[in-house]
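S.K.: Test case, fold it:
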Amino acid sequence: MSAAVFSCEYSFDELTINLCDRWETGLLLYGSAELTSAGDGYDGEFYVSAIRLDGGARLARPNHVNNAGGFEAELFRRIAAVIENDRTSAGRHAAEFFSAEYEQSSETDYDTTREIEQEKALEPVA
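M.R.: Numbers count the residues shown, from 1 in each chain. Just a heads-up that it's a prediction; the model follows:
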């Protein structure tokens, strides 16, 4: 049985991306990324499934159907590459954030299940 997909919103500000083999500080990005669990067998790992810039632009993850070679797809790839890389400051922070949110979600699910079981045990037998 596969686990439910978990996702959370990670906010970033002053994110720098790699351009021409350099970390470009002249282009700072602000927004949020949807971090989605990588699936069964990849506990605690995530990928960036969507990005929304503070100005309102929404960047979808390029795939085989939506694999446009345009600016938006390349911008998505470059932002996601920073957030998904645990060797960058933003990537380490995103990994810590995702881990904490995922753990909190798991605890909440466990607590809810336990509460339901306790309520069932306390229900009068009719």
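
S.K.: Give me the most central residue, this protein.
M.R.: Closest to where the C-alpha atoms of the chain average out (Cα atoms, centre = their mean) is L35, at 0.6 Å.

S.K.: what bridges to that one?
M.R.: Beta-bridge partners of L35, counted by DSSP bridges, are C8, V48.

S.K.: For the nearest residue to T25 once chain neighbours are set aside, give me its contacts.
M.R.: Spatially, and ignoring its direct neighbours in sequence, T25 is nearest to T16 (5.4 Å; Cβ to Cβ, 6 or more residues apart in numbering). To be clear about C-beta, it is placed using only N, CA and C from the backbone, and glycine gets the same treatment. T16 is in contact with 23-25, 27-29, 82, counting by Cβ atoms under 8 Å, 6 or more residues apart in numbering.

S.K.: what about 7 Å?
M.R.: If you count contacts by Cβ atoms under 7 Å, 6 or more residues apart in numbering, T16 has them with 23-25, 28.
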